[in-house]
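*Asks:* one predicted model, sequence on top.
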Amino acid sequence: MAKSPLRPRFLHLHSTFDAGGKELRCVRLINAFGSAADHAIVSAEPAAMGAQSRLSRVANCRFPEFPSLKGKPTPGRLKKIAAAMRGYDLILTYNWGAMDAVMAHTLFADVYQLPPLVHHEDGFNADEAVKLKTSRNIYRRIALGRSAALVVPSRKLEDIALNIWQQPRSRVQRIANGIPTQPFGRKPKADALPSLVKRNQEYWVGTIAGLRAVKNLPALVRAMDGLGDHWHLVICGEGPEKAAIIAEAERLNMDDRVHLPGHIAEPEKVIGLFDIFALSSQSEQFPISVVEAMAAGLPVVAPDVGDIADMVALENRDCITPPGDEDALTEMLQRLAADPQSRGAIGKANREKARTEYDEKQMIARYRSLYWGLMGRNALRSEHK
């Protein structure tokens, strides 16, 4: 990538660049920065690049060859990663899948005169959904030793960063995820989904999620079993658990009421078709899909994981159920399904909170201040050497 004299160069090292929460937030930031920066984007899973299609035409992005982010953290391999990080103005790493790059930076930053590194931690996969792995906690503590900042979206992750990963208060930055809230307030057309039409007197429990084990989506299928035939479950997303979800729907003879339309590129044109937004995840932190549902004026039913209980409006708090309690999840869906007045009141309160607290303008401003502030401080240090 040829360096512009006017634009800083960012290197983004992702665990995956599929269209999940952290990836789409990264895309929103890149698009918002526009022509103010150049971006090199790398995925630890080279085939997982689904978020690439969401980048705007004005974004200056490249996808360079880069040493693999996966493998044993041997000194030789880490040194190759560090060498490949030269020549940028800011390094941005994301989640556990990029932690070897963080370690490489800590070990070899001085050798290669590397720029500041900001690590972003957004949550955990199924292997750490219930309990964090001690070996990974120790690795993170060491690897993060030279990072300029550690950004987390939730209070629970902030607590983990401070007390388990033992990061200094000055390094940890909590920046809530944001979205453009206004487009979610528009009522979608009944045929907004290409493969599915919402019919009169039909109601939808809906979710937007990667079809991964940690999302526990077969539990959401089971929770639908207590609702009437006019209630359907719509799960928007792609992933390896699709077959398990379909199998559970067939086992319960609900395959005509469970729909998987695939990945939704523009959720603001679809999510308003839902009557209730639901999650059944084993682990979340600050899910963007919940903010999208709130902005669309929906009530949210979900386990009390991550910051979800604090995210939703006060009127929605009673709809947040104990983690892992499928009976409570089922009961809450049944209660809301039978009470359209409560659905409307809760949804209205959620929309107001989303517009007040979670609009993306605030998020973009904070990230811009952090990134350019670090590059400015780094430039000043270079001048004084």
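*Replies:* Thanks, I have the structure now.
*Asks:* list the contacts of residue 165.
*Replies:* For residue 165, the contact set (Cβ atoms under 8 Å, 6 or more residues apart in numbering) comprises 137, 140-141, 144, 150. For glycine as for every other residue, the C-beta is placed from the backbone atoms N, C-alpha and C.
*Asks:* show me those residues that map onto strands.
*Replies:* residue 150 (DSSP state E).
*Asks:* could you dump the contacts of residue 165 into a markdown table with pLDDT and neighbour count added?
*Replies:* Below are the contacts of residue 165 laid out as a markdown table (pLDDT from 0 to 100; neighbours: other Cβ atoms under 10 Å):
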| residue | pLDDT | neighbour count |
| --- | --- | --- |
| 137 | 96 | 14 |
| 140 | 97 | 25 |
| 141 | 97 | 13 |
| 144 | 97 | 26 |
| 150 | 98 | 25 |
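*Asks:* quick check: the farthest pair among the contacts of residue 165?
*Replies:* 137 and 150 (13.6 Å; Cβ to Cβ).
*Asks:* helices or strands up against the longest helix anywhere in the chain?
*Replies:* In the chain, assigned by DSSP state H, the helix with the most residues is helix 360-383. Judged by 3 or more Cβ pairs under 8 Å, 6 or more residues apart in numbering; DSSP states H and E, helix 360-383 is in contact with helix 21-33, strand 90-94, strand 117-120, strand 149-152.
*Asks:* switch to 10 Å and redo it
*Replies:* Applying 3 or more Cβ pairs under 10 Å, 6 or more residues apart in numbering; DSSP states H and E, one finds that helix 360-383 contacts strand 9-14, helix 21-33, strand 90-94, strand 117-120, strand 149-152, strand 172-174.
*Asks:* so which of the ones you listed is nearest residue 350?
*Replies:* helix 21-33 (18.1 Å).
*Asks:* mind listing the helices for the protein?
*Replies:* So, for the chain - with DSSP H - the helices run 21-33, 75-84, 99-112, 134-143, 155-163, 217-223, 242-251, 288-295, 308-311, 326-337, 340-357, 360-383.
*Asks:* could I get the contacting residues of the residue nearest to residue 244 when sequence neighbours are not counted?
*Replies:* Nearest non-adjacent residue to residue 244, counting by Cβ to Cβ, 6 or more residues apart in numbering: residue 218, 5.7 Å away. By Cβ atoms under 10 Å, 6 or more residues apart in numbering, residue 218 lies in contact with 241, 244-249, 251-252, 280, 326.
*Asks:* surely residue 146 touches residue 105?
*Replies:* Yes. Residue 146 is within contact range of residue 105, at 6.0 Å (criterion: Cβ atoms under 10 Å).
*Asks:* what do those two both touch?
*Replies:* What both residue 146 and residue 105 touch, as defined by Cβ under 10 Å, 6+ apart, is the set 114, 116-117.
*Asks:* for PyMOL, write a command that selects the buried ones of the contacts of residue 218.
*Replies:* Paste this into PyMOL to select the buried members of those, with burial taken from 16 or more other Cβ atoms under 10 Å:
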select buried, resi 241+245+248+249+280+326
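*Asks:* closest one of the contacts of residue 218 to residue 357?
*Replies:* Looking across the contacts of residue 218 and measuring by Cβ to Cβ, the closest to residue 357 is residue 280, at 24.8 Å.
*Asks:* just to check, that closest one is in contact with residue 329?
*Replies:* Yes. Using Cβ under 10 Å, residue 280 makes contact with residue 329 at a distance of 6.3 Å.
*Asks:* could you give the angle of the lowest-mean-pLDDT helix or strand in the chain to helix 340-357?
*Replies:* One helix or strand of the chain scores below all others by mean pLDDT, DSSP states H and E: helix 360-383, with a mean of 80. Relative orientation of helix 360-383 versus helix 340-357 (axes from the mean of the first three to the mean of the last three Cα atoms, to 10 degrees): 30 degrees.
*Asks:* just to revisit the earlier point, reformat the helices and strands packed on helix 360-383 as TSV; add distance to residue 286.
*Replies:* Shown next, in TSV, are these (distance: least, Cβ to Cβ, whole Å):
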stretch	distance to residue 286
strand 9-14	18
helix 21-33	8
strand 90-94	14
strand 117-120	12
strand 149-152	8
strand 172-174	9
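*Asks:* low-confidence ranges, the stretch 1-150 of the chain, go.
*Replies:* 1-5 (pLDDT under 70).
*Asks:* you'd agree residue 262 is up against residue 237?
*Replies:* Yes. With contact defined as Cβ under 10 Å, residue 262 reaches residue 237; the gap is 7.5 Å.
*Asks:* so between those two, which is more surrounded?
*Replies:* More crowded of residue 262 and residue 237, by other Cβ atoms under 10 Å: residue 237, with 23 against 14.
*Asks:* using CSV, list the CA coordinates for stretch 282-291.
*Replies:* Written as CSV, here are the backbone C-alpha positions of stretch 282-291 (Å, rounded to 0.1, in the frame of the first residue of the first chain):
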residue,chain,number,x,y,z
GLN,A,282,-24.6,-18.7,26.4
SER,A,283,-22.3,-15.7,26.2
GLU,A,284,-22.6,-12.1,25.0
GLN,A,285,-21.1,-8.8,25.9
PHE,A,286,-22.7,-5.8,24.2
PRO,A,287,-24.5,-7.3,21.2
ILE,A,288,-25.2,-4.9,18.4
SER,A,289,-28.3,-6.9,17.4
VAL,A,290,-29.9,-5.9,20.7
VAL,A,291,-29.2,-2.2,20.0
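*Asks:* alright, that wraps it up for me.
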